[in-house]
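> Kindly return the folded structure for what I paste below:
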Amino acid sequence: MVEEGKKAPSFSLKDQDGEKVSLNDFTGKNVILYFYPKDNTSGCTQEACNFRDELPDFSKLNAVILGVSPDSVVSHKKFAAKYELPFRLLSDEKKQLVEKYGVWKEKSMYGRKYMGVERSTFVIDKTGKVRKIFRKVKVANHNKELLEALKEIE
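The predicted model follows:
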């Protein structure tokens, strides 16, 4: 289980352009690693657009944003293009990273149980340590919560 104050689990996944991205690529930067259920759904689109709109504020705090979902590289490419998302979306089709970070959970909708991504965000500092974990994220104002968390560690 991932814990605050511990080293963040490493990863290497392809982004929307098919390029390999690993956590080590961002040593010296703060990383907002956010997990979301599915491209082009209302909550996930709103969350991504909020990050897009606040990107200059995240950049001022030496932070990069990485989105992760089980969607394919092709799906991510379409999603990023449609909403002009200026950050990387990582494809975790094999669900290895969602499992590693403990966000692949049993969910329930209309009485039906299924497995899916619990919307969660991990704030990882310049040294690769998890500084803050947000689970069961509510999209409204989440970007503001993250900016405050970054200010505390910067």
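> Nearest spatial neighbour of residue 16, chain-adjacent residues omitted?
residue 76 (3.8 Å; Cβ to Cβ, 6 or more residues apart in numbering). C-beta here means a position set from N, CA and C on the backbone, and glycine is covered the same way.
> Mind telling me what element the one you found is part of?
Taking DSSP states H and E as the definition, residue 76 sits inside helix 73-82.
> contact partners of that helix?
Outside of helix 73-82, the residues within contact range by Cβ atoms under 8 Å, 6 or more residues apart in numbering are 14-18, 39-40, 45, 48, 69, 71, 85, 89-91.
> make it 10 Å
Identification of contacts with helix 73-82 by Cβ atoms under 10 Å, 6 or more residues apart in numbering yields 13-19, 38-41, 44-45, 48, 52, 67-69, 71-72, 85-91, 93.
> which residues does residue 41 contact?
By Cβ under 10 Å, 6+ apart, residue 41 lies in contact with 47, 69, 79.
> Ramachandran coordinates for it?
The main-chain torsion angles of residue 41 are listed as degrees, to the nearest 10 and equal phi -100, psi 160.
> Mind pulling the model confidence for it?
With respect to pLDDT, residue 41 has a value of 93.
> Can you tell me how far it is from residue 71?
Residue 41 is 10 Å from residue 71, where distance means Cβ to Cβ, to the nearest Å.
> and what of residue 106?
With distances taken as Cβ to Cβ, residue 106 is found 20 Å from residue 71.
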